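A.B. asks: only geometry, no sequence info:
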């Protein structure tokens, strides 16, 4: 999986991806409430997400169940429709040029924001021009971009694709857009999944 643009740091796992996915969305204005509701329904504390012990299989099983209920993980629906089971997960460093090629998921809002390209750099140009999609304010993107410029730290992007040259954002669309608005100032350590069967998911 390593190319001149992608430096693999270490191997990861499905369980680590699930933990980071849920931790990232827990702070989301759009998805955080649903995750908290699912945790409450299962009588689980938030620290099962914020302080995950990947060596605890009960915790791993609980997180998989929460992600299945909220985002369709392992159920071939929502964000994980056409998402295969045999994905290799690694931590890798992506350079700015590689980050600029990462596409959004196929979804009406992101398609419209990027003028059909599904690229964050195109979305950033439209945001800078004041284009608003479906009446949704761009303030969250602009605020996050300012935080990037200040050097604030964010949860890692989770990306997936059949190979390095065809990566799609699985979790972190707002952050990806903020990095684009800030000009992708630094390389980023990302959690990346790869499998030939992801070709269908990335379409």
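C.D. replies: Sure thing, it's come through. Nothing here was measured: the structure is a model prediction, and the numbers come from that model.

A.B. asks: So residue 164 sits against residue 98, correct?
C.D. replies: Yes: with contact defined as C-beta atoms under 8 Å, residue 164 and residue 98 form a contacting pair (7.4 Å). Heads up, the C-betas are built off the backbone N, CA and C, glycines and all.

A.B. asks: Break the chain down into its structural domains.
C.D. replies: The chain resolves into domains spanning 13-80, 86-202 when parsed by automatic domain parsing.

A.B. asks: so which of these gets nearest residue 7?
C.D. replies: domain 86-202 (4.3 Å; C-beta to C-beta).

A.B. asks: so how far is the closest one off the chain centroid?
C.D. replies: 8 Å (C-alpha atoms, centre = their mean, to the nearest Å).

A.B. asks: Start and end of that domain, how far apart?
C.D. replies: The first residue of domain 86-202 is 15 Å away from its last residue (C-alpha to C-alpha, to the nearest Å).

A.B. asks: pLDDT of that domain, averaged?
C.D. replies: Averaging pLDDT along domain 86-202 gives 96.

A.B. asks: check contacts around the residue nearest to the spatial centre of the chain.
C.D. replies: Closest to where the C-alpha atoms of the chain average out (C-alpha atoms, centre = their mean) is residue 171, at 1.6 Å. Each residue near residue 171 by C-beta atoms under 8 Å, 6 or more residues apart in numbering is listed here: 20, 21, 24, 25, 79, 157, 158.

A.B. asks: Now, those residues that are in strands?
C.D. replies: residue 158 (DSSP state E).

A.B. asks: Can you add distance to residue 113 and give the contacts of residue 171 back as CSV?
C.D. replies: Converted to CSV, the contacts of residue 171 look like this (distance: C-beta to C-beta, whole Å):
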residue, distance to residue 113
20, 24
21, 22
24, 20
25, 19
79, 17
157, 17
158, 19
